[in-house]
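A.B. asks: task: produce atomic coordinates for the following.
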Amino acid sequence: MDVSDSKPLGEFKYRAFISYSHSDKAVATWLHKTLESFRVPNKLVGTQTSVGSVPKRLLPIFRDQDELSASGDLGSELTDALTSSLFLIVICSPASAHSKWVNEEIRLFKSLHGSGRVLALIAEGEPNAPPGKAYLECFPQGLKFEVDKDGNFTDVPSEPIAADLRKNGDTKRLALLKLSAGLTGLRLDDLVQRETTRRIQTLAMISIASLSAALFASGLAIYANNQRLEANAQRLIAERESATANTVSNFLVDIFESSNSVQANPDSITARSILDNGAKRITLELKDQPTVQSRLSETIARAYNNLGLFDQAIKLVEETIENSEVSRANIYSIMAVSLQHKGELNEALEIANFAESLAQDEALSDNNVALKKTKVDIALVKGRIHYKLANFDDALIAFDQAILEIQKLASPSNIKVAAILQNRALLLSDMWELERASADLNQAMELVLESVGKQDILVGQISLAQAQVNFFAGKLDLAEEQIDNAITNMQRILDSDNPALADAFSMKGQILHSKGDLTKARAALLQAVENYTQAYNGRHFLSGIAEVYLGLIAGDLAEYDRASNHFDEAKLHYDKSYGEIHANHGDLLVNRATVLEKAGNITLANQHCREGMLILNDTLGKEAGFTQQLQQVCDDIAKAASTN
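C.D. replies: Residues are numbered from 1 along each chain as shown. Reported below is the predicted structural model:
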């Protein structure tokens with residue numbers, strides 16, 4: 001990006017100036033608010049780019065909120081703001097394309113700073129519309145042409161890269177990320193990959209054409225010989241694939257045939273016993289067939305994860321990965337899923353990042369369909385990990401990346417798309433973007449019902465997520481109905497110790513607590529803790545969340561010692577899972593404070609509130625809806641403490 005300017009970067013008063021027609025005021029208001037509340041991920045803050053050191057916040061953003069007069073010039077305030085802005089963001093629509101003032105703002109900015117720092121956001125209309133549809137043109141003339149040294153538009157075309165808010169364009173989040181990348185000088189991975197892929201394909205076409213010409217010039221005999229060699233190579237590959245498929249098929253058939261009522265008690269034959277038998281035989285019998293061993297271990301490891309048997313999945317991966325002859329990125333992504341479910345989040349993130357780097361390396365030699373699916377899996381698990389670590393911005397980036405990656409597949413799985421949407425919705429609900437969360441869940445449910453019907457486990461998981469969204473929205477009766485549907489679905493499919501079922505009981509307990517049904521709420525939460533402990537073989541942050549609600553219930557019943565014990569247990573679960581201070585530690589302190597206030601210990605309650613809010617402000621940020629909600633709770637406690 002060209003940032004040549006006589007003005008040093010550090011002397012700009014505004015990060016950006018938003019240029020728009022007042023017909024697009026709603027879009028401008030959204031963009032202004034969203035950009036100023038956007039937080040750059042911590043790991044990128046301070047990075048040196050072409051526009052200087054990356055800040056934590058994109059502050060401040062200038063947006064003129066007054067209509068300009070029909071005559072005259074821009075005025076000193078707008079001229080000074082344009083002079084003092086590092087970037088110009090043009091909101092593009094048919095209205096702005098015909099706006100005298102938008103074009104004048106573009107002209108002045110380009111004359112001062114050049115065109116390299118002009119960004120565009122399409123709100124509606126069509127860029128570079130054909131003559132017959134000129135009324136749809138959304139790019140102002142000033143955006144499409146360069147400016148000379150005297151500040152006059154030239155005939156030299158300028159081709160802005162624009163984020164797109166239209167229905168079939170970018171999502172709002174992706175549009176925001178594209179603009180944020182421009183405002184910081186950071187590169188957006190999907191754009192880089194898209195451009196790189198395009199260049200590689202172009203170069204490959206040129207190379208193939210050149211090679212074909214050379215072969216023709218060298219004689220048809222050489223060409224024919226090469227074709228014969230290529231045919232032989234493809235035949236050998238096909239034969240190897242066929243042999244591998246047959247071996248895998250025969251091995252699976254043999255596993256099931258060995259698990260019959262003649263050799264074992266039929267009541268003891270379960271999916272778990274069949275998988276254990278297969279895993280044992282894979283490690284012992286297939287060491288000399290690494291390709292077959294790799295594919296089978298990958299399949300069984302995924303099955304273990306689906307059954308909540310995470311230790312078994314990790315053990316199988318560790319025993320076979322060094323001998324693997326298929327995608328190591330895929331194998332490590334499965335391990336990351338196992339670790340994420342176990343609550344070993346920091347290690348899970350390290351493994352997921354390693355899998356991502358392996359996938360990038362593997363794509364250089366063979367970016368096949370399987371590898372593209374692996375990229376989807378990696379982005380999805382990274383989103384889940386960041387979500388549980390309360391890195392909400394990073395989580396949303398990862399989920400959006402998963403959507404982008406799956407759209408690159410010729411035939412994307414509706415079930416996988418639904419799973420991504422369901423996970424993103426849970427994150428959005430915690431970010432208090434309940435309408436977006438609800439929209440994602442409605443789309444996810446439609447995809448699942450269309451593909452597999454009501455009996456699939458994902459129907460239960462989506463119902464659980466819908467219950468959470470409506471719980472946060474205060475729609476408790478609807479939330480209770482949805483969580484009951486989720487539990488009915490899951491109990492029909494899952495074993496009692498599956499952690500997904502524990503999630504449902506935990507949510508039911510939270511809903512019933514809010515409805516004042518403390519006895520049933522306590523029973524549901526105790527069931528959740530028991531299931532979590534059994535599933536994870538010990539402490540887990542999800543048990544901690546349930547313990548917090550059990551503490552609140554005990555407080556409501558004036559059982560203050562019992563409440564304190566539950567809160568202490570919650571902290572032990574959090575400490576074990578997170579290994580460092582997490583947003584849930586802050587939430588725990590604020591909830592403990594509410595019980596202390598009921599017990600009459602206002603001073604200690606106020607102290608816990610202050611400590612809890614420091615953690616929440618540091619981890620989630622002051623602007624987060626959840627932080628603001630708990631801040632109100634603490635403000636009330638502080639007021640009570642001041643009058644005590």
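A.B. asks: remind me which residues of the stretch 351-500 of the chain are low pLDDT?
C.D. replies: The stretch 351-500 of the chain contains residues with pLDDT under 70 at 364-367.
A.B. asks: strands of that one, start to end?
C.D. replies: In the stretch 351-500 of the chain, no strands are defined using DSSP state E, counting those that start in this stretch.
A.B. asks: now swap in the chain and tell me
C.D. replies: Secondary structure of the chain by DSSP state E: the strands cover 14-19, 48-49, 52-53, 61-63, 85-92, 118-122, 145-147, 153-157, 162-164.
A.B. asks: least trustworthy helix or strand in this protein by mean pLDDT?
C.D. replies: helix 189-218 (a mean of 39; mean pLDDT, DSSP states H and E).
A.B. asks: what's the spacing between Leu409 and Lys375?
C.D. replies: 10 Å (C-beta to C-beta, to the nearest Å). C-beta coordinates here come from the backbone N, C-alpha and C atoms, glycine included.
A.B. asks: comparing those two, which residue is more hemmed in?
C.D. replies: Looking at Leu409 and Lys375 with other C-beta atoms under 10 Å, you find the greater number of neighbours at Lys375, namely 27 against 15.
A.B. asks: can you name the residues that contact the spatially most central residue of the chain?
C.D. replies: Centroid-nearest residue in the chain, with C-alpha atoms, centre = their mean: Phe399, separated by 2.3 Å. Phe399 makes contact with Ala379, Leu380, Gly383, Ile420, Asn423, Arg424, Leu427, according to C-beta atoms under 8 Å, 6 or more residues apart in numbering.
A.B. asks: next: Tyr549.
C.D. replies: By C-beta under 8 Å, 6+ apart, the neighbours of Tyr549 are Ser506, Gly509, Gln510, His513, Ala521, Leu525.
A.B. asks: cool, and His585?
C.D. replies: So His585 contacts Lys571, Tyr574, Tyr578, Gly612, Ile615 (C-beta under 8 Å, 6+ apart).
A.B. asks: please save the CA atoms from stretch 380-389 in PDB.
C.D. replies: C-alpha atoms of stretch 380-389 as PDB (Å, rounded to 0.1, in the frame of the first residue of the first chain):
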ATOM      1  CA  LEU A 380     -13.400 -24.500  13.300                       C
ATOM      2  CA  VAL A 381     -11.400 -25.900  16.200                       C
ATOM      3  CA  LYS A 382      -9.400 -22.700  16.500                       C
ATOM      4  CA  GLY A 383     -12.700 -20.800  16.800                       C
ATOM      5  CA  ARG A 384     -13.900 -23.100  19.500                       C
ATOM      6  CA  ILE A 385     -10.600 -22.800  21.400                       C
ATOM      7  CA  HIS A 386     -10.500 -19.000  21.200                       C
ATOM      8  CA  TYR A 387     -14.100 -18.900  22.300                       C
ATOM      9  CA  LYS A 388     -13.400 -20.900  25.400                       C
ATOM     10  CA  LEU A 389     -10.400 -18.800  26.100                       C
END
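A.B. asks: for Asp150, phi and psi?
C.D. replies: Phi and psi for Asp150, reported as degrees, to the nearest 10, are phi -90, psi 0.
A.B. asks: how close does it get to Lys110?
C.D. replies: 12 Å.
A.B. asks: more neighbours: which of the two?
C.D. replies: In terms of neighbours (other C-beta under 10 Å), Lys110 is the more surrounded of Asp150 and Lys110; the figures are 23 against 6.
A.B. asks: what's the distance between the more buried one and Gly151?
C.D. replies: Distance from Lys110 to Gly151, by C-beta to C-beta: 8 Å.
A.B. asks: ok so, going back, give me whichever of the strands of the chain is most buried.
C.D. replies: For the strands of the chain, the largest average neighbour count (mean count of other C-beta atoms under 10 Å) is found in strand 85-92, namely a mean of 26.
A.B. asks: remind me what it packs against, helices and strands.
C.D. replies: Packed against strand 85-92, as judged by 3 or more C-beta pairs under 8 Å, 6 or more residues apart in numbering; DSSP states H and E, are the following elements: strand 14-19, helix 25-37, helix 100-113, strand 118-122, helix 172-184.
A.B. asks: now do the longest one and strand 85-92, the angle between them.
C.D. replies: Pointing back at helix 100-113 there. With axes from the mean of the first three to the mean of the last three C-alpha atoms, to 10 degrees as the basis, helix 100-113 and strand 85-92 are set at 150 degrees to each other.
A.B. asks: and if you look at the second one?
C.D. replies: With the same axes, to 10 degrees applied, the angle from helix 25-37 to strand 85-92 works out at 150 degrees.
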